[in-house]
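Participant: Sequence and predicted structure below; questions after.
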Amino acid sequence: MRYGDKVAVDRLSFEVARGTITAVLGPNGAGKTTTLETCEGYRKPQGGSVRVLGLDPQRDRRALLPRIGVMLQSGGAWSGVRAKEMLDHVARLHSHPLDTGMLYERLGLGDCGSTPYRRLSGGQQQRLGLAMALVGRPELVFVDEPTAGMDPMARRTTWELLEELRADGVTVVLTTHHMDEAERLSDLVHIIDHGRVIASGTPRELTSSRKEATLRMVLPVLSAHAHDELSGILGDQLEVTLLDDAVHVSSPADGATLAAVARWYEHHEVLPVSLTLGQRTLEDVFLELTGREITP
């Protein structure tokens, strides 16, 4: 897919297995939105082929639409329509819709059914959008930033609902800028940049590609001598940030490094404010591969 001289999608190829949650991640301008809109049938590819549930999203659109659900990042409802009216309207477009009352209660929308769409909070609009995508009992659902603007409780409820859909055999394609969300939910992750897939794998495969774990510490402000000694232990990949009158330290580490840091604590009589040791996160991998953060 090209927009003028810009190649938005460049010979990109990947598959999504049935009954899984697959995350498609990428920085702004990477081509993920164009890719998914092509899969949803909103854009016609200029080259290559696309099959969704075995169907061509353009040629077989009438057969495909009843089988998929699409949750947009924003919009999808008329500004003045009341929330319950909108969901009821979408339900009537399907032959065997889910019970709208159940969806309202499940997604915490029971107290805003008579509220016009434009007056819903961002999180409420997202929950309504998810309900609209699910009410037709889709085999495959595309969800774009499903928890944007949600409070922690609503976010957790949405995660649980997506996991229940997978357990029921529904296929979910997820885009999100929350790396913890993708890491928690996804069976498989595809990272896209400059119109191509640059990495694919399970969250564990992507975050466990190194033997070292990541050591993260928050320490009191150090003397120059103590800082130099710590730098000598942790080496060139040490990252140090001064924030809120504390030193935030991050570095790859193995067992020998951890033992040396413990001896350094004892020698300098330093007690860390916090200390964690674990594998790289999906966000670490994303930034390493693309050099850019995802922004909403």
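Facilitator: Happy to help now that I have it. Remember, it's a predicted structure, so these values are computed and weren't measured experimentally.
Participant: what about the nearest residue to residue 43 once chain neighbours are set aside, distance to residue 78?
Facilitator: Distances taken as Cβ to Cβ, 6 or more residues apart in numbering place residue 37 nearest to residue 43, at 4.7 Å, with adjacent residues excluded. Using the backbone N, CA and C atoms, a C-beta is placed for each residue, glycine as well. Residue 37 sits 21 Å away from residue 78 when distances are taken as Cβ to Cβ, to the nearest Å.
Participant: between the two, which one's more packed in?
Facilitator: The residue with more neighbours, out of residue 37 and residue 78, is residue 37; 16 against 13, by other Cβ atoms under 10 Å.
Participant: Could you report the distance from the most centrally placed residue in the chain to residue 259?
Facilitator: Centroid-nearest residue in the chain: residue 176, 3.0 Å away (criterion: Cα atoms, centre = their mean). Using Cβ to Cβ, one gets 38 Å for the distance from residue 176 to residue 259.
Participant: before we move on, back to that, local confidence estimate at the residue nearest to the centre of the chain?
Facilitator: Here, the pLDDT recorded for residue 176 equals 93.
Participant: again with residue 210
Facilitator: 57.
Participant: I'd like the numbering to begin with 34 instead of 1 from here.
Facilitator: OK, 34 is where the count begins now, so the last one is residue 243.
Participant: Count the neighbours of residue 194 for me.
Facilitator: Residue 194, neighbours per other Cβ under 10 Å, totals 17.
Participant: Pretty sure it sits against residue 141.
Facilitator: No. Using Cβ atoms under 8 Å, residue 194 is not in contact with residue 141; the gap is 10.7 Å.
Participant: would you say the residue nearest to residue 76 is within a strand?
Facilitator: No. Counting by DSSP: H, G, I helix; E, B strand; the rest coil, residue 70 is not found in a strand; it is helix.
Participant: Okay, domains of the chain per the record?
Facilitator: As given by automatic domain parsing, the domain ranges for the chain are 35-238, 246-312.
Participant: Compare the ones you listed and give me the one nearest residue 323.
Facilitator: Of all the domains of the chain, domain 35-238 sits nearest to residue 323, with 4.9 Å by Cβ to Cβ.
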